[in-house]
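A.B. asks: Got a predicted structure here, sequence first:
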Amino acid sequence: MENQDITILGETNYRNQRERFGIKDHDRQRHVYVVGQTGMGKSTLLLNMLVQDIQRGKGVALIDPHGDLAEQLLDHIPQRRMTDVIYINPADTEYPVGINLLDGDKSAGRHLIASHLVDIFKKIWSDSWGPRLEYILRNTLLALLECAGHTLLSIPRLLIDPEFRAAVLSRVQDPVVRTFWQVEYELYPKVFRTETISPIQNKVGQFLSVPVMRNILGQVQNKVDFRSVMDSGKILIVNLAKGRLGEDNTGLLGSLIVSKLFLTAMSRSDTPQSQRKPYTVYIDEFQSFASDNFSHTLSEMRKFGLHLVLAHQYLAQLPLQLKSAIFGNVGTIMAFRIGAEDGEYLEREYWPTFRASDLQSLAAYDIYVKLSINGRTTDAFSAQTLPETAIRESHRDAIVQLSRIRYGEDKIAIEKQIDLWMADPIRVIMVTQQTT
């Protein structure tokens, strides 16, 4: 079964009659959801789908919090697509790739970008979140988004440095944001202001005090043009191995990249819908990167040509709102073996063909599928995923080196620039603004 418009998912195994099946490209716009316990075959399924997309010249992104899948995928990139790869690996501390949502294309709208950033921090700082903190942080981001040359390093500085704040506000046009800083913020009693901003300073400071994070988040300009990546069908591979970064750092970087992809997709509103080239984003353990905006934007992504493949281990990882958004918007569901609690929940999706007990007793690489065909979801059926696609010829080292040269920045140069910024941020930002 070979068709350039179909991604092969596995083989049906009903009554021992095996037949390969897949999903059509236009049905992937309704998104794909994969759930199952570890070791059951999710990664192999995702890898096989990714390899097919890449071999067919499609644009894809992979967000991998474990790192293994990202490294495996590098071995499957054909030579003809080596130059299409952008490999983001924070563990490569010598040539970090910058990630700055305050830089670049703001066509999605400053308020939308600020909203995404606020939601990311809300998820990460849930233990100390409050309406006052959110209010100040939102106005901080809106002020910085009006000016060129800022990164997350500017957040604490804007809160505590009057001279820096005045320099920023001299370029802010939004009257509501200006009024907040020039009137309301200035009237806060000193003790109240200190108590209110200290959680922001502490939390942002925790990330920026880690050199690997500071060198990624402190780069002013994004070498990766996400709009070009999406429109020209590039291959974005993000290796966020938790063991190297830590869970909080992985969560922040992954959430920033996912939000950047969502915002980039929405910026395609300047292009007729028929001309928006489909781009597929695979997110493993997606709940780690799903802020409140994830639920709201899931239904909108298809009209912007962004198709999602979402994978994770169990439903208890999902907040109720996100769970409802997933099952309300996803067209294709594939379940490997799951636990008792998840089985009871998913039974409503697979009933009457399969019951909770069936979902709990699946063998490795066996799946139950509800497939989107021509815009409609089929009744559930059983199937088996395929073995890992064989590696034809690995170009991993050459791909990593090429991506480093194109998209990474020398660590020494970054640290020198950050040192200059810390010593005299106003001067550095003025120079940046004059050159952009």
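C.D. replies: Thanks, I have it.
A.B. asks: Could you tell me how many residues sit around residue 129?
C.D. replies: 17 (other Cβ atoms under 10 Å). For glycine as for every other residue, the C-beta is placed from the backbone atoms N, C-alpha and C.
A.B. asks: Model confidence for it, exactly?
C.D. replies: Residue 129 carries a pLDDT value of 89.
A.B. asks: What are the phi and psi values at it?
C.D. replies: Note on residue 129: its backbone torsions stand at phi -80, psi 150 [degrees, to the nearest 10].
A.B. asks: quick one, what contacts the nearest residue to it once chain neighbours are set aside?
C.D. replies: Closest residue to residue 129 apart from its sequence neighbours, by Cβ to Cβ, 6 or more residues apart in numbering: residue 122 at 5.4 Å. When contacts are counted by Cβ atoms under 8 Å, 6 or more residues apart in numbering, residue 122 is found next to 129, 134, 291, 292.
A.B. asks: secondary structure element for the residue nearest to the third one when sequence neighbours are not counted?
C.D. replies: The shortest distance from residue 291 to any residue that is not its chain neighbour, by Cβ to Cβ, 6+ apart, is 3.7 Å, and that residue is residue 119. Taking DSSP states H and E as the definition, residue 119 sits inside helix 110-124.
A.B. asks: Now that helix - C-alpha only, PDB.
C.D. replies: Extracted in PDB, the C-alpha atoms of helix 110-124 (Å, rounded to 0.1, in the frame of the first residue of the first chain):
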ATOM      1  CA  ARG A 110       1.300  41.800  21.000                       C
ATOM      2  CA  HIS A 111      -1.600  41.000  23.300                       C
ATOM      3  CA  LEU A 112      -1.800  37.500  22.000                       C
ATOM      4  CA  ILE A 113       1.900  36.900  22.400                       C
ATOM      5  CA  ALA A 114       1.800  38.400  25.900                       C
ATOM      6  CA  SER A 115      -1.200  36.100  26.700                       C
ATOM      7  CA  HIS A 116       0.700  33.000  25.600                       C
ATOM      8  CA  LEU A 117       3.700  34.000  27.700                       C
ATOM      9  CA  VAL A 118       1.500  34.700  30.800                       C
ATOM     10  CA  ASP A 119      -0.100  31.300  30.400                       C
ATOM     11  CA  ILE A 120       3.300  29.600  30.200                       C
ATOM     12  CA  PHE A 121       4.400  31.200  33.400                       C
ATOM     13  CA  LYS A 122       1.100  30.600  35.100                       C
ATOM     14  CA  LYS A 123       1.500  26.900  34.500                       C
ATOM     15  CA  ILE A 124       5.000  26.800  35.800                       C
END
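A.B. asks: Which residues belonging to that helix are considered buried?
C.D. replies: Within helix 110-124, the residues scored as buried using 16 or more other Cβ atoms under 10 Å are 110, 112-124.
A.B. asks: From residue 155, how far off is the residue nearest to residue 291?
C.D. replies: Using Cβ to Cβ, to the nearest Å, residue 119 is found at 16 Å from residue 155.
A.B. asks: per-residue confidence at the residue nearest to residue 302 when sequence neighbours are not counted?
C.D. replies: Distance criterion Cβ to Cβ, 6+ apart; nearest residue to residue 302, sequence neighbours excluded, is residue 29 at 4.3 Å. As predicted, residue 29 sits at a pLDDT of 93.
A.B. asks: Let me see the backbone angles for residue 29.
C.D. replies: phi -70, psi -20.
A.B. asks: same thing with the one 5 residues further on?
C.D. replies: Dihedral angles of residue 34 (phi, psi; degrees, to the nearest 10) stand at phi -130, psi 130.
A.B. asks: Residue 6 now?
C.D. replies: The phi/psi pair for residue 6 (degrees, to the nearest 10) reads phi -130, psi 130.
A.B. asks: next one: residue 306
C.D. replies: phi -100, psi 120.
A.B. asks: right, and it touches residue 262 too?
C.D. replies: Yes. Taking contacts as Cβ atoms under 8 Å, residue 306 lies within contact range of residue 262: 7.3 Å.
A.B. asks: who touches the most centrally placed residue in the chain in this structure?
C.D. replies: Relative to the mean C-alpha position of the chain, the nearest C-alpha, by Cα atoms, centre = their mean, is the one of residue 258, at 1.9 Å. By Cβ under 8 Å, 6+ apart, the contact list for residue 258 reads 63, 281, 283, 289, 290, 294.
A.B. asks: Which ones among those residues map onto helices?
C.D. replies: residue 294 (DSSP state H).
A.B. asks: what's in contact with stretch 325-336?
C.D. replies: Contact with stretch 325-336 is made by 9, 23, 27-28, 30-37, 40-42, 45, 294-296, 298-299, 310, 318, 346, 349-350, 359, 362, 364-372, 375, 377, as judged by Cβ under 8 Å, 6+ apart.
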